[in-house]
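K.L.:
no FASTA, just this:
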């Protein structure tokens, strides 16, 4: 980057006229909220999209913009996914595009990179970059060496009887979490992370969460609420150059303090953009990327929390703010130039209504979010994770599933929503912020 240039400035481009003929079809691996944003972006442009998923089908698998393909559980029968993909692409002209929408799916493509590259076109990070992105121990060490701030973190080694987990200067409360969360989830880990409030708590959690071959880490709780979480979204070409970028901020999460962004807003942030470009350039990165930071209330620094080598649930916010990352990524993969992208629109609000209602219920119980303040926070929302008049099926499917919870559960939630409580006096919150 030249001196004086801003990482947020749009790049000039001289697009060539798109090639005539059939459009390369796209196979999206995973129909989660992240995958749905890809389907809608490309499907609305007339690009054929196929969505691969396993039971139970997420709402995104019912989108009108993709043809659904239902396969056995990915984690139990990876071979079925590989066989089906190779069969679908056999003799296809033009060669299809592959876009993985989850950690396991990205690593699946990486494991079969050579074989899939014979029949598909795709752009995912190199193996070294993937190793760093998917292992927090490697990520934090690499980031620190690169000059990107990270939370204070310790990496105990060995089983509980040998590791003697100690937060040291981090102190209490602190976080305990796996360094490779995708493997942790695959092997049935129920907790993404846990808060240890004292030494006894730390030893108990370490013993509970430790598994052979799956290291844990102890990390400081970076001061700040859920609205101190910032994101960088982009896609990089095979020469490790950013094609476009977008920055955002979370306003609310579900689950509270460690979940997915349920209410977010597009917001320009030079610091997170600069740090992200520094980190990804050092990794010789290519493909789609999403990086999350937390602003430390103590010194105003933005500390790296996570690097996702894939599309994420907030991708729709980028699209609705004028940065169509899925389409730009598609054009790059098929070898076409993307048009110059103007600066994204700031202040665009995005909501995943299902998650946000659950966040409301959780915070309403604790007395931290009144119903009227929640309603006011939704004013001006223009970007929706599921809701779409042109593609109503995903939100209708979700609504139908919610209705099957039964009238009793809905009735039980009403007192929380309108502020009536059982028992004497309001509940007190035992708020435990953390870093995701």
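P.N.:
Sure, I can see it. What you are looking at is a predicted structure, and each value in this text was computed from that prediction instead of being measured. Numbering: from 1, shown residues only.
K.L.:
surely residue 231 is within a strand?
P.N.:
Yes. Assessed with DSSP: H, G, I helix; E, B strand; the rest coil, residue 231 lies in a strand.
K.L.:
and the gap between the closest residue to it other than its chain neighbours and residue 237?
P.N.:
Using CB to CB, 6 or more residues apart in numbering and skipping residues adjacent in sequence, the residue nearest residue 231 is residue 248, 4.7 Å away. To be clear about C-beta, it is placed using only N, CA and C from the backbone, and glycine gets the same treatment. Per CB to CB, to the nearest Å, residue 248 is found 22 Å from residue 237.
K.L.:
those two: which is more packed in?
P.N.:
Using other CB atoms under 10 Å as the criterion, residue 248 and residue 237 rank with residue 248 on top: 28 against 17.
K.L.:
element containing the more buried one?
P.N.:
Residue 248 is part of strand 242-254 when elements are defined by DSSP states H and E.
K.L.:
now for that strand, which elements pack on it?
P.N.:
Contacts defined by 3 or more CB pairs under 8 Å, 6 or more residues apart in numbering; DSSP states H and E place strand 242-254 against strand 229-236, strand 260-266, helix 270-282, helix 315-320, helix 325-333, helix 353-366.
K.L.:
ok now it, how far from the chain's centre?
P.N.:
On the basis of CA atoms, centre = their mean, to the nearest Å, strand 242-254 sits 10 Å off its chain's mean C-alpha point.
K.L.:
tell me the mean pLDDT for that strand?
P.N.:
Strand 242-254 shows a mean pLDDT of 97.
K.L.:
before we move on, back to that, dump the helices and strands packed on strand 242-254 into JSON lines; add distance to residue 179 and mean pLDDT as well.
P.N.:
What follows is these, written out as JSON lines (distance: least, CB to CB, whole Å; pLDDT from 0 to 100):
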{"stretch": "strand 229-236", "distance to residue 179": "20", "mean pLDDT": "98"}
{"stretch": "strand 260-266", "distance to residue 179": "20", "mean pLDDT": "97"}
{"stretch": "helix 270-282", "distance to residue 179": "18", "mean pLDDT": "98"}
{"stretch": "helix 315-320", "distance to residue 179": "26", "mean pLDDT": "98"}
{"stretch": "helix 325-333", "distance to residue 179": "28", "mean pLDDT": "98"}
{"stretch": "helix 353-366", "distance to residue 179": "26", "mean pLDDT": "94"}
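K.L.:
can you list these in TSV and add mean neighbour count and distance to residue 309?
P.N.:
Output for the helices and strands packed on strand 242-254, formatted as TSV (neighbours: other CB atoms under 10 Å; distance: least, CB to CB, whole Å):
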stretch	mean neighbour count	distance to residue 309
strand 229-236	26	11
strand 260-266	24	17
helix 270-282	20	10
helix 315-320	26	14
helix 325-333	24	13
helix 353-366	19	23
